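S.K.: Mind folding the following:
(one chain, ligands or ions: 1)
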Amino acid sequence: MLRLDVVTIFPEYLDPLRHALLGKAIEKGILEVGVHDLRQWATGVHQAVDDSPYGGGPGMVMLPEVWGPALDDVAAHTGPVAAAAALETAEAHRNVPRHDEVEGIEEQAYLGRDVREGEDPALPLLIVPTPAGKPFDQEDARAWSNEEHIAFACGRYEGIDDRVTQDAKNRYRVREVSIGDYVLIGGEVAVLVIAEAVVRLIPGVLGNRRSHEDDSFSDGLLEGPSYTKPRSWRGLDVPEVLFSGNHAKVDRWRRDQALLKTQQVRPELLEGVELDKKDRELLEGRRDA
Ligand code: SAM
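M.R.: Sure, this is the predicted structure:
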């Protein structure tokens, strides 16, 4: 069971966590989600969570005196965190049969947790989304799918006073991550992205484990094209090889398409991929797909 706690000034932004596969995971008891309004820890009459930056400049910075106690309560499951009800799955997704449910396939967790030297593996993980963080990737998602407790701190305005993450290292394994080279208004959307990428890798969340084993990035390559019925549509035909019934041929074709797509769109990814003779022949134009 994975427990996710999200601290935000816009709890309603996190409602999508109750829907579709994540809602199903909540229903199955695989996932538990607590969403907490940061203002519960604000003390002044105006319940301010931010103030102007030292050194001047535009915008506001989020207050350590509000974030500190909030993250303390999330780590220890105390105060408003203990009193809060966990999110319930959205009603519309209860008991809806899954299209890719497969019986008899043993579910296996991904190996390896994200524990750095000197860190206590028993501490929960604190994810702090920020454009100044390390880019979040599929390897992080795999490692974090083995966690039991992940907390998210959603920044707004110019972000959170830097001392909050420094201090949080006493109670958490802290990861500052970016979901891409652009600037969002707040961390909530980044949390949805990360939570979805992590939760779908937990055994039992997807009906068929092959759904993520074949995905882009699983073998370092982008995934090639997929097709379904009808065989011919608006003058466009599905490639013949997919009807051959020859699994080796289909696998070779899929590998070739993935290699070509990666070379075209993200050539830098090929540097981290083990290529055999056939792969190199294709990429160097000495063989057709
Ligand atoms: N002043 C910050 C900077 O330039 O790095 C930008 C703050 S941004 C307007 C407000 C919040 O949105 C951040 O604290 C973070 O939570 C979130 N955010 C914005 N862009 C993000 C990204 N690319 N990845 C993850 N979180 C992001």
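S.K.: domain parsing for this structure?
M.R.: Domain assignment for the chain by the TED database gives 2-208, 232-285.
S.K.: can you give me the helices in this structure?
M.R.: Ranges of helices in the chain, per DSSP state H, are 20-28, 64-76, 79-83, 138-144, 163-168, 188-199, 210-213, 247-265, 277-283.
S.K.: Indicate whether the fifth one makes contact with the ligand.
M.R.: By that I understand helix 163-168. No. Helix 163-168 stays clear of the ligand (CB under 6 Å from any ligand atom), getting no nearer than 10.9 Å. For every residue, glycine as well, the C-beta is placed using N, CA and C.
S.K.: partner residues bridging residue 177?
M.R.: Residue 177 has these beta-bridge partners by DSSP bridges: residue 134.
S.K.: need the contact list for it.
M.R.: 127, 128, 129, 130, 133, 134, 135, 136, 140, 190, 194 (CB atoms under 8 Å, 6 or more residues apart in numbering).
S.K.: please redo it, this time with the cut-off set to 6 Å
M.R.: For residue 177, the contacting residues are 133, 134, 136, by CB atoms under 6 Å, 6 or more residues apart in numbering.
S.K.: Also near the ligand: which of those residues, exactly?
M.R.: Applying CB under 6 Å from any ligand atom to those, none is adjacent to the ligand.
S.K.: Can you tell me which of the residues you listed are buried?
M.R.: residue 136 (16 or more other CB atoms under 10 Å).
S.K.: Can I get the helices of the chain in TSV including mean pLDDT and mean neighbour count?
M.R.: Shown next, in TSV, are those (pLDDT from 0 to 100; neighbours: other CB atoms under 10 Å):
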stretch	mean pLDDT	mean neighbour count
helix 20-28	91	20
helix 64-76	98	20
helix 79-83	96	14
helix 138-144	96	19
helix 163-168	98	18
helix 188-199	98	21
helix 210-213	71	14
helix 247-265	97	15
helix 277-283	98	14
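S.K.: And the most centrally placed residue in the chain, how far from the ligand?
M.R.: When CA atoms, centre = their mean is applied to the chain, the residue found nearest the centroid is residue 194 (2.4 Å). Distance of residue 194 to the ligand, computed by CB to the nearest ligand atom, to the nearest Å: 9 Å.
S.K.: Use 11 as the first number for this chain going forward.
M.R.: Done: numbering now begins at 11, and the last item shifts to residue 204.
S.K.: so what's that residue up against?
M.R.: If a contact means CB under 6 Å, 6+ apart, then residue 204 has residue 146 as its contacts.
S.K.: coming back round to it: looking at the helices of the chain, which is closest to residue 247?
M.R.: With CB to CB as the criterion, residue 247 lies closest to helix 257-275 of these, at 14.4 Å.
S.K.: Provide the contact partners of the closest one at residue level.
M.R.: 231, 232, 233, 234, 251, 279, 280, 289, 292, 293, 299.
S.K.: Tell me the spacing between the first one and the ligand.
M.R.: Relative to the ligand, residue 231 is positioned 24 Å away (CB to the nearest ligand atom).
S.K.: for residue 61, same thing?
M.R.: Taking CB to the nearest ligand atom, one finds residue 61 at 15 Å from the ligand.
S.K.: Without its sequence neighbours, what residue ends up closest to that residue?
M.R.: Closest residue to residue 61 apart from its sequence neighbours, by CB to CB, 6 or more residues apart in numbering: residue 73 at 5.9 Å.
S.K.: returning to that earlier point: which pair in the contacts of helix 257-275 spans the largest distance?
M.R.: The widest separation within the contacts of helix 257-275 (CB to CB) is 24.3 Å, between 251 and 279.
S.K.: So which bits of the stretch 11-160 of the chain are right by the ligand?
M.R.: Close to the ligand, as judged by CB under 6 Å from any ligand atom, the stretch 11-160 of the chain has residues 139, 140, 141, 142.
S.K.: Can you get me a residue count around the residue lying closest to the second one once chain neighbours are set aside?
M.R.: Right, the one you point to is residue 140. Among residues not flanking residue 140 along the chain, residue 186 sits closest, at 5.2 Å (CB to CB, 6+ apart). By the other CB atoms under 10 Å criterion, the neighbourhood of residue 186 contains 15 residues.
S.K.: bridging residues for the residue in the stretch 11-160 of the chain positioned nearest to the ligand?
M.R.: Here the residue of the stretch 11-160 of the chain nearest the ligand is residue 139; by CB to the nearest ligand atom that distance is 3.3 Å. Beta-bridge pairing of residue 139 under DSSP bridges involves residue 187.
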